[in-house]
Structure formats: C-alpha cells, structure tokens
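> Generate coordinates for the sequence data below:
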Amino acid sequence: GEMRHMLESLQAFVETGGSRLRAERIDVAVMTQTLVDTAADDGRDATFDGLETLEIMARPVSLRRALSNLIENALHYAGNVHVTVRRDGDMAEITFEDNGPGIPPERMDDVLQPFVRLDTARGRDTPGMGLGLPIVNRAIALENGVLQLRNREQGGLCVTVRLPCATS
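Model prediction:
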C-alpha cells in the first residue's frame, strides 16, 4: 500500500507539468466543498465556509489533486482543517487553516521542493516522498495562481491559494 501511494505521488508530480491539457470552466467552490464534505463524512475534523459557487478556468484533475493534498496535509499533521472560499477582486481565494505544529520559518521554502520531508513533523514510518506540496505548487502555478504558506499567530498553518476567476 505504501509503495502504491509513493508511486501515485511520483506520477502526480510528473503529470502536474501537464500544460498540454486544456483548462475548462469549473466551480472551485463546489469542488472544494465536496472534498471537505468527503473528509467530514469519513469522520475527520474538516469544515467549510464561504461562497457556494465561484467559477475559474483550470485543469480539473490537477487542481482537485492539489486541493485534496492541502486538505489531507492539514488532517495528517494537525488533525483538523477549516477551508474558506471567497472572491477577492478578480481572484478566487481558498484558505486552509489548521491548529497543528506549523512549519519552522526557516524551512518554509524547503517544503515546496521535491522529496523534502520535515522530520520534526513526520516520522520516517509514514508514507510519502515529500511530493505533496511540490505537486500543489506546480498545479497552482500551471493555473497562473499563487500559493502562500504562513504560520498562524495562534498556532497552526494557513495555506492560501489564489487563482484567477473565470471571465464572463
């Protein structure tokens, strides 16, 4: 099972360079709420707040994988995630907040590099190859978006994804 998970992560990392795929109009609020609801239905501490609908132009498979990775990371490291979707001008903004350990400030850039795992936050016996956030970073960049990570003052991590909204 662990080997399958690692190979899927490696394949996703390689495939997120998939700029040949066409972007299509998708509802990022619905996609995000569905991912959060699925985690909550599995008994996990995941909550959603914000817009019920917000359309963007994106490649749905890689974006779904990126949003799912962010939710799973928060649930894995913190045991909880609160996701908010809002519109900020011509940008869709999705925030993922948790109450976990956060990321040491001096390692914030490192976690966006492939195959980097923070030993303080993750034991060697947990699955993964350090590709979760690099997959997210590539997928968001492919959509002309921005990924920002910051530690919350009250503890935990806040990850913000900003993507251009679809034009009418």
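> so what's residue 93 bridging to?
Counting by DSSP bridges, residue 93 is bridged to residue 86, residue 162.
> oh, and call the first residue 577 from now on, that's how I've got it
Understood, numbering begins at 577; the last thing we discussed is residue 669.
> so what's it up against?
Residue 669 is in contact with 661-663, 736-738, counting by C-beta atoms under 8 Å, 6 or more residues apart in numbering. Using the backbone N, CA and C atoms, a C-beta is placed for each residue, glycine as well.
> OK, contacts around the most centrally placed residue in the chain?
Centroid check for the chain by C-alpha atoms, centre = their mean gives residue 646 as the closest residue, at 2.8 Å. With contacts defined as C-beta under 8 Å, 6+ apart, the neighbours of residue 646 are 657, 672, 712, 735, 737.
> Tell me where this protein has helices.
Counting by DSSP state H, residue ranges of the helices within the chain are 578-591, 604-617, 636-654, 708-718.
> Quick check: buried residues in the longest one?
Of all the residues in helix 636-654, those buried under the rule 16 or more other C-beta atoms under 10 Å are 638-654.
> quick one: it to helix 604-617, angle?
Helix 636-654 and helix 604-617 are oriented at 40 degrees to each other (axes from the mean of the first three to the mean of the last three C-alpha atoms, to 10 degrees).
> what is the mean pLDDT for helix 636-654?
Computed over helix 636-654, the mean pLDDT rounds to 91.
> now swap in stretch 666-678 and tell me
pLDDT averaged over stretch 666-678 equals 95, rounded to a whole number.
> mind saving the C-alpha coords of that stretch as CSV?
Listed in CSV are the C-alpha atoms of stretch 666-678, where the atom choice follows Å, rounded to 0.1, in the frame of the first residue of the first chain:
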residue,chain,number,x,y,z
ASP,A,666,-10.8,39.0,-9.9
MET,A,667,-9.2,36.3,-7.8
ALA,A,668,-10.6,33.2,-6.2
GLU,A,669,-9.0,32.8,-2.7
ILE,A,670,-9.1,29.4,-0.9
THR,A,671,-7.6,29.2,2.6
PHE,A,672,-6.7,26.1,4.5
GLU,A,673,-6.2,26.6,8.2
ASP,A,674,-5.3,24.1,10.9
ASN,A,675,-4.2,24.0,14.5
GLY,A,676,-1.1,21.8,14.0
PRO,A,677,2.6,22.4,14.6
GLY,A,678,3.0,24.7,11.5
